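In: I would like the atomic coordinates for the input below:
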Amino acid sequence: MAKGSGESKLALVGVVTLAVALAGVLLVKEPLRSSRPVGGGLDVKQTTGEQSVRARLWEDPVAAVQRGKKEAPPPALGLPKSSSSQSAESSLTQRLRPLRLALTDRVKKGEQITVLLVTMSGDPYAESTESRLRDRYAVGTALGVACYVPEDEGHLSFIEGDGQGAGHVLPYEWYQLRKTRVCGKGQGRAQNTLVIWIPDDALSRGLLATLTSLSQTLVCEESKQKSECLLTDDRRKLVRLNPALQQAVTFKLVGPRSSSALRHLLDEAGTLYAEPHEGVGVWPNRDGTIELYSPWASAMKGILAYGLKQGGGKGSACQIYEACEQEFFHRLAAANIRLVYGIGSDDRLFDTLIEELERRQVRLGWDAVILIGEWDSFYGRALPIEFRAAACAKVATFTDTELKQIQVPATIKAWCPTVPRAIDLQIQRSADYESLTLNIFRYSYLSGLDGEVPGDDRVQTGRGEKPKTNETAKDILAGGLKERPEGTSQLDYVRALASRIQDEGEGAKAIGILGTDPYDALLILKALRPAFPHAVFFTVDLDARHLHASEYKWTRNMVVASPFGLQLEGGLQRDVPPFRSSYQTATYFAVLRAVNHVACRASGDRQTSAAPCSAGYHVALTPEDRIYDAAEHPRIFEVGREGAVDLSVVDVEGVRTIHPLRADLEHSDNQGQLKQGTSPGNATVMALVGMGLFVGMAFAWTNQRLWLWVSRSWRLFAVAGLIILLGTAVFWSMGGGTALMAHHDEGEPFSWTAGVSIWPGEWLRLLVAMLCLVFLVKGSRDLTKNSDHLTEDFLFRIDQGPRSRFTLRTCWTNVQRVYHPVATRVATTVDQAWSWYLDAAGPLQRTARVLILFLLYGAIMISLDHWVVDEEMIIPCRGWLSCRVDVVMTLISMSLVVLLNLAVFDEVMLCRRWVGWVSASTGGWSEQVQEEYLREYGLSQSHKAEFEKLKYLAGIDLISRRTEAVNRLIRYPFIALLIMIAARNDYFDIWNYPLLLLLAWALNVVLALSGALLLYRSADRAKQGVLAGLSKQMIQALGLGKDHEVRAKQVQYIIDQVEANQKGAFVPFYQQPVVESSLYGVVALLQYLYMR
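Out: Below you'll find the model as predicted:
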């Protein structure tokens, strides 16, 4: 009869909020800021001989020369022109003379020289500037790893252009072997490496014509009178080469800068070398050829030569992919170019990408796939063709049954047996390709969507300028003046394209952005993400700009297929930090190949032959048996919160590749990657077991009843523990753990924080399922224990007749008593009410009612899904296992949450009815209970009539004690539901909240809220009824002439006791568990929205 009140848990909300706020402060990384002071702008004197400017090793070579030439003091009046001005007006031979003399001096010392002709973009756009920065950094670090150091790390030399200005200057820099390190001997190393940077705007005569003239001029035999290159005496009048220079100097070409530039090279080769020219060395190397290292051109070779005329430009244009691929190699051979290294071919890359899309539940041929390609470049136009060809070839491998299911004609097997045939189909018979209805839709855009034009003052200040005076509020809401349909900005085109794709591509499952400019890709992502929040976005070529925290909102979970990552295997990467893009990594590796630091090895010998490597790579200064596989191994990445997550699939197990090992996969003794996932170590397993035992012991120790039970049944626990240990040992020894982790490379990665894994959500769903079972068992035991105590304390007489048995009739009777108000309008006693309560609360009776409610709940959800909602539930899974586990765990956890909620709802409704029975009861209190209440309030048996007042207090005590046990159950569904909602939080992965799931959650909440509120109202009505009865007693007491004051005080005391009772359902409304649980949810929602 204690009147205490339940303690509020509202303080917990503030503690959780404070903890999250502190975590946000502690976990946010402070941006790096340099404390370097700004330079004073001192003049730097130019060196004599070779012209040079001050520049760091990572600077843009073109920008450094332009800046140096602008800062150079003009020649004084009356003085002759400087050497710089003279060289600008002289011939190429004279302008290259200082560099030729430098080569001659080194050759006279007996040194070997490698000249790397590195092509680069010469455009003034931001992307071109960034590419030059990255290329120079990659080339410099590669030479550093290969044991070379710059001769003058503070300056950059250059060759003056053929006209005024710095538009066609050729920057260059010297590297020499380190003298403070043993770099190995006899491995084909040159003592000096000369890097000449060739901007593409300096190739106005064509890449081949310009570079052959440049290279021949550098090693020509010079006339002593005019410092000009001598010509041969025959009628062809070719440049006469210096034999000593030709033997000591080796030219190598790193480029062209893009697939489009390589296409132009092939076209130029057909024009220049249409006629046979045997015996004539085009390149000034010893064998008349040059090695080509191509780290940037990844388009398929047949596409690069598609449509070019065969037979030296005199035949018909090639119209079949295989013939075009032969023409590709024929034209390179005609130009005396040997392709030694290439970044890889897009066909292999797109095969890997399409397999990845299938692992992500994108059904090719059925689901809509959107391709958005760059239209104003050859490579941008080729990428959609290559993807569609790879998709067609993949769908052609489906069975006839599968083709019929996705409604694709069976003729696809004859039309797309291979990727080359699929390319021919698209180009030659585009109508036939479209008739296959593969649901792959193409859209295009022009590069430079932001409209930023070099030299435009508005561009320089556009990102920080204040709103224009003519910018209205409507303009601001619509995106500002930059999105107005006028001027250089193409942002309005982006919006229009996004709207069109949204209208035409409703339900798109995957969207590919295939272009060369990451800034354009980011703009398209920002426009499309809101319209397609759960589509699989993908692109090619990994770039660190996609990984920046400021872009994570748009690029998160984007799939990137790339020939390289941002770094190589440790033996190749050495002490170099990860790069900014996959192209930069490819450039780094290409230069390592060019300077023979990485050489091809065949049959156990280190080979320096200029041919594509098919055997394996060996890295200088490493053990002889360390061989890297030379085959292509495309990489797959997913953009996560902490950077790019490597999801590359192992195509060949046990092979050591040039790429880093995946940390979540096993590897062989020779560092070859395996498909097997890493299993937890023994220390981890022991730690988890120890933590589990400690938590279990601590929990049992703090619970006296549980500890006594464990102490009495220790043998049972010992046997159970031994069985579990033996079962676990047998499971692992029989390969169970290995089977679970098999083919992990094709499955979902595990991470709590990266934002790319569904496993945290699945673990939370498993926790929900376990909590629901615990709550069901605990709730049942608590109610049973409470029932036993109430039966014992109030000495209820329970009817154990045949009506308590489970039959359909008794089940229907109890259903009516719980859910039908008419069946409860019967006067009864407290004993009878308690008997009905226990009869309806029996395990079989309650199970039957909960199952009926569950079937009704399921019928409502199925009807909504079939006739109303019709919405697909997005599962961001990867691979067969994770997708099946998600479906199973979602069904199990949701079913258990619903069962828990319905069980609590049923108990609340039953308790509500029982409260009404007790408040309307006509007596039935046992003699012992009456005596106990009289004795507690200091009354004797002679005052038995006073129990007519105390029975109200007894009823309130009975209701409060029972509803206190029931009230504790109300929190359980809310706890489980909150964890269920947290399991789909997009912090873990890009989950969605389908309408059907929201309706299911809402129905659960409504059931819990309505049941709790009905119980509260029933208890409140019962209390009001008791107070009304006591008020009558008060009036009667005041009407008595004798002892009316004493009796009135007795009644008032009982009224005070009733009103002070704040236990169970009599707790104030704001402290009700349902209100507290709702506040938890509201605070969690507000906190989630704030964090987003």
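In: any weak-confidence spans in the stretch 551-700 of the chain?
Out: Low-confidence segments of the stretch 551-700 of the chain (pLDDT under 70): 602-611, 680-688, 699-700.
In: Which stretches in it count as helices?
Out: Ranges of helices in the stretch 551-700 of the chain, per DSSP state H, counting those that start in this stretch, are 552-555, 570-573, 582-594, 682-702.
In: in the chain, which helix has the most residues?
Out: Longest helix in the chain, counting residues (DSSP state H): helix 995-1039.
In: could you pull out the strands for the stretch 701-850 of the chain?
Out: According to DSSP state E, counting those that start in this stretch, the stretch 701-850 of the chain carries no segments that qualify as strands.
In: Repeat that for the stretch 301-450 of the chain.
Out: Using DSSP E, counting those that start in this stretch, strands in the stretch 301-450 of the chain cover 337-342, 369-374, 440-445.
In: Select, out of those, the one closest to R878.
Out: Among the strands of the stretch 301-450 of the chain, strand 369-374 comes nearest to R878, with 17.3 Å by Cβ to Cβ. (Glycine included, C-beta is placed from N, CA and C.)
In: and that closest one with strand 440-445, angle?
Out: 30 degrees (axes from the mean of the first three to the mean of the last three Cα atoms, to 10 degrees).
In: start the count at 635, not 1, going forward
Out: Renumbered: residue one is now 635, and that last one reads strand 1003-1008.
In: Just checking: what are the partner strands of strand 1003-1008?
Out: strand 1074-1079 (parallel), strand 1144-1148 (parallel) (DSSP bridges).
In: So which of these is the most surrounded?
Out: strand 1144-1148 (a mean of 25; mean count of other Cβ atoms under 10 Å).
In: hmm, who's touching that one?
Out: If you take Cβ atoms under 8 Å, 6 or more residues apart in numbering as the criterion, strand 1144-1148 is touched by 991, 994, 996, 1001, 1003-1008, 1014, 1017-1018, 1021, 1135, 1155, 1158-1159, 1162, 1166, 1169-1174.
In: Recalculate using a threshold of 7 Å.
Out: By Cβ atoms under 7 Å, 6 or more residues apart in numbering, the surrounding residues in contact with strand 1144-1148 are 991, 996, 1001, 1003-1007, 1014, 1017-1018, 1021, 1155, 1158-1159, 1162, 1166, 1169-1174.
In: Kindly report the same for stretch 859-870.
Out: T727, Q728, R731, T851, C854, E855, E856, S857, K871, L872, V873, R874.
In: Can I get the strands of the stretch 935-1084 of the chain in CSV including mean pLDDT?
Out: Output for the strands of the stretch 935-1084 of the chain, formatted as CSV (pLDDT from 0 to 100):
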stretch, mean pLDDT
strand 971-976, 93
strand 1003-1008, 93
strand 1074-1079, 93
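In: could I get these as a markdown table with distance to V687?
Out: Formatted as a markdown table, those follow (distance: least, Cβ to Cβ, whole Å):
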| stretch | distance to V687 |
| --- | --- |
| strand 971-976 | 32 |
| strand 1003-1008 | 34 |
| strand 1074-1079 | 38 |
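In: May I ask you to confirm that G936 is in contact with Q960?
Out: No - using Cβ atoms under 7 Å, G936 is not in contact with Q960, being 8.6 Å away.
In: if we can go back for a sec, got a markdown table for the strands paired with strand 1003-1008, with distance to V803 too?
Out: A markdown table is the format used below for the strands paired with strand 1003-1008 (distance: least, Cβ to Cβ, whole Å):
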| stretch | distance to V803 |
| --- | --- |
| strand 1074-1079 | 33 |
| strand 1144-1148 | 34 |
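In: C1247: which of those strands is closest?
Out: strand 1144-1148 (28.7 Å).
In: quick one: whichever helix or strand comes after the closest one to chain centroid distance?
Out: Of the helices and strands lying after strand 1144-1148 in sequence (DSSP states H and E), the nearest is helix 1152-1162. Offset of helix 1152-1162 from its chain centre (Cα atoms, centre = their mean, to the nearest Å): 17 Å.
In: ditto for stretch 1158-1176
Out: Using Cα atoms, centre = their mean, the offset of stretch 1158-1176 from its chain centre is 12 Å.
In: List the contacts of H789.
Out: S686, V687, R688, A689.
In: So in terms of bridging, what pairs with the third one?
Out: Counting by DSSP bridges, R688 forms beta bridges with H789.
In: And for it, the neighbour number?
Out: 16 (other Cβ atoms under 10 Å).
In: same check, this time on the first one
Out: The number of residues packed around S686, counting by other Cβ under 10 Å, is 22.
In: pretty sure it is touching S791, no?
Out: Yes - using Cβ under 7 Å, S686 is in contact with S791, at 4.4 Å.
In: quick one: low-confidence parts of the stretch 735-884 of the chain?
Out: In the stretch 735-884 of the chain (pLDDT under 70), the answer is 795-801, 818-822, 868-871.
In: Thank you kindly, that will do.
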